[in-house]
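Asks: need a structure here:
(chains A and B)
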Amino acid sequence: MLDLKAIREDPAPAREALARRGDGSEAVLDRVLALDVRRRALLPEVEELRSTRKAASRQIGEQQGRGDDASEAIAEVRRSGERMKELEAELRRVEEELDRAVAELPNPPDPGAAPQDTVLREVGRSGATGRDHLELLGDLVDLEAGARVAGSRFAYLKGPLVLLELALVRWAMEVAGGHGFEPVIPPVLVREEALYGTGFLPDTEQQIYRVADDDLYLSGTSEVALASLHAGQLLDEPDLPLRYAGFSPCFRREAGAAGRDTRGIFRVHQFDKLELFSFVSVSEAVAEHERILAIEEELMQALGLPYRVVNIAVDDLGKSAAKKYDIEAWLPGQGAYRELTSCSNTTDYQARRLDIRYRPAEGKGTVHAHTLNGTAVAVGRTIIALVENGQQEDGSIVLPEVLGQWGAPARIEAAS
RNA sequence: GGAGGGGUGGCAGAGUGGACGAAUGCGCUGGUCUUGAAAACCAGAGUCGGGGCUUCCUCGACCGUGGGUUCGAAUCCCACCCCCUCCGCCA
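Replies: You can find the predicted model right below:
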């Protein structure tokens, strides 16, 4: 969602930024501007009618208060009501259309968003190949049972993997806390408004599970509930930044992903994730984005995983991000870098849709906050990376020492 | 699942069919007092959207949402949404 006032004065920058996405959204912007013109033509007319009506009504009250006859004036006002209703109806139609068009618009990309995916740096030893996680883990991952019980792309994780997950999450929560992120367990089922506000609707409904009887949706990421935590609130700038580390299961229908990543637990319908989310003032957003990326890298390095950082291409940003970094870990089982985490600067896009503002410390008025999100640990994929990178000649797996104190096993024995 | 109560300004919380958005408290801003701060006292301040001769003026909208009654609705009626309390059930 964009700031109409700013854009009607100078639409060029927004139009050019949107055009970079290559999705035709600059045409939507032009539609928005045309509707805005119509609205502002209609509005003064309606308002003037309302104004005179209001004055007349007040007079009637005074007349009657004095005991005078006001029937003439009442008839007069009643007549003007017809015309006003027509105009108001038309205004409402225009405004509804305008709102819909505005909601369609994606966030204009940041100038720093790359034309194509761009590798910023590679860290750690990559290039190794080996057995993939399914071979290494054997029946610690039970996809057959998952499929029988819930369908394909569901899995049971067992034994040491469970301890590994819990340790991973507990440890990452500790690291996040050290960076000022408050631990949160958010709702997983959310209302439509939360998805609309974060920009997942309207657009990606085919990716989202819906609980029809209760009109709720299963979130694909706790970003949805975390962003909505302060929806409708007017904050004070000194209270910012507000930082949360949310742990939750995530649910994705993966419609349209048929045939892709079908082996193992790389792409499943349900996984657990620790997500970082920040509400910041406008001036802090860019620095916060780098901060979140730095935390993600800190986690990768502490786990000893080889990875690279990618500045994601403008045409692949998703609706809400102005700029996005992915961290891809090297997976020896696939002989490739694959996405493990992702962090986005969504600027004021979600804050506008969710109505999250703050009073600036200096000056008057209110300002929409900026929001950012990033993966701390996507558990399933991190387990894959740890297992495949920790594999030994004999098929056993050595796990990072840091996790030991949080209850993870030091190693997993070779699958039988 | 059964019964009831309620949705009002940043927060808490009054409220009458007409005094032009709304008591009071807290919080906020400015001032007085003070070496400074606190307290006390005085004053100010809602949000959004139009328009303008754009540090200000003006108009409109906004008391959950949408309809209705009325010359006039926070206030009356209807529908919907949401929240809360009690009982039942329950991890």
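
Asks: which regions of the stretch 1-150 of chain A lie under the pLDDT threshold?
Replies: Low-confidence segments of the stretch 1-150 of chain A, defined by pLDDT under 70, span residues A:1-2, A:65-67, A:70.

Asks: run the last query once more with 80
Replies: For the stretch 1-150 of chain A, the stretches with pLDDT under 80 are A:1-3, A:58-59, A:61-83, A:85.

Asks: Stretch A:341-352 near RNA strand B at all?
Replies: No. Applying CB under 7 Å from any atom of the strand, one finds stretch A:341-352 separated from RNA strand B by no less than 9.8 Å. In short, each C-beta sits where N, CA and C put it, glycine included.

Asks: That stretch: how far from the chain's middle?
Replies: Remark: stretch A:341-352 is offset 6 Å from the chain centroid, using CA atoms, centre = their mean, to the nearest Å.

Asks: That one: end-to-end distance?
Replies: Taking CA to CA, to the nearest Å, stretch A:341-352 runs 25 Å from one end to the other.

Asks: Can you tell me the element the residue in the stretch 51-200 of chain A that RNA strand B sits nearest to falls in?
Replies: Of all residues in the stretch 51-200 of chain A, residue A:61 sits closest to RNA strand B, at 3.0 Å by CB to the nearest atom of the strand. In the assignment (DSSP states H and E), residue A:61 maps to helix A:25-66.

Asks: just how off-centre is that helix within its chain?
Replies: In this view, helix A:25-66 has its centroid 36 Å away from the chain centroid, taken as CA atoms, centre = their mean.

Asks: Which strands and helices lie in contact with that helix?
Replies: helix A:4-9, helix A:12-19, helix A:71-104 (3 or more CB pairs under 8 Å, 6 or more residues apart in numbering; DSSP states H and E).

Asks: Return the most buried member of these.
Replies: Comparing the helices and strands packed on helix A:25-66 by mean neighbour count (mean count of other CB atoms under 10 Å), helix A:12-19 comes out on top with a mean of 17.

Asks: Kindly reformat the helices and strands packed on helix A:25-66 as TSV containing distance to residue A:383.
Replies: Listed next are these as TSV, based on distance: least, CB to CB, whole Å:
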stretch	distance to residue A:383
helix A:4-9	45
helix A:12-19	38
helix A:71-104	37
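
Asks: quick one: contacts for the residue of the stretch 51-200 of chain A closest to RNA strand B?
Replies: Taking CB atoms under 8 Å, 6 or more residues apart in numbering, we find residue A:61 in contact with no residue.

Asks: What of residue A:414?
Replies: Listed by CB under 8 Å, 6+ apart, the contact partners of residue A:414 are A:136, A:394, A:395, A:396.

Asks: Residue A:236 contacts residue A:366, doesn't it?
Replies: No. Judged on CB atoms under 8 Å, residue A:236 makes no contact with residue A:366 at a distance of 10.3 Å.

Asks: what do these two both touch?
Replies: Here residue A:236 and residue A:366 have A:358, A:359 as joint contacts, going by CB under 8 Å, 6+ apart.

Asks: Would you mind measuring from the closest residue in space to residue A:286 that isn't next to it in sequence to residue A:370?
Replies: Closest residue in space to residue A:286, ignoring its immediate chain neighbours: residue A:345 at 7.0 Å, by CB to CB, 6 or more residues apart in numbering. With distances taken as CB to CB, to the nearest Å, residue A:345 is found 7 Å from residue A:370.
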